[in-house]
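*Asks:* structure for this input, please:
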Amino acid sequence: MSGQRKSKTFGGTSLPLESIIHEGFEIKSLEHGNTGLVLYKYPSKMYNWEGCWTSDLENAKTGVDKYLQHTKNKKTSK
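*Replies:* As a prediction, the model looks like this:
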């Protein structure tokens, strides 16, 4: 038993922050426990509109704009 290593935990718990509303879409945000960065969740075209995280708010807003344009085009093409 003396040869076993104890695992170490780095950082802390991520903290949810207040969401940001952009063009009627909720961008969730949190403070990352390990890095302390503020991250924003947005829909990404690259991942078939799945939620992705970024540290750049403008990038998240652009992703939301593209997603809303995509959903608008889907509705008009039916």
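*Asks:* so where's the chain shaky on pLDDT?
*Replies:* Judged against pLDDT under 70, the low-scoring parts of the chain cover residues 1-3, 5-10, 78.
*Asks:* run through the strands of it in chain order.
*Replies:* Listed from the start of the chain, the chain has strands (DSSP state E) covering 15-22, 25-31, 38-44, 50-54.
*Asks:* hmm, who's touching the second one?
*Replies:* By CB atoms under 8 Å, 6 or more residues apart in numbering, the list of residues contacting strand 25-31 from outside reads 14-21, 37-42, 57, 60-61, 64, 67-68. Yep, even glycine has a C-beta here, placed from its N, CA and C like the rest.
*Asks:* and that strand, which strands flank it?
*Replies:* When pairing is defined by DSSP bridges, strand 25-31 lines up against strand 15-22 (antiparallel), strand 38-44 (antiparallel).
*Asks:* what's the most buried one of these?
*Replies:* Among the strands paired with strand 25-31, judged by mean count of other CB atoms under 10 Å, the one packed with the most neighbours on average is strand 38-44 (a mean of 19).
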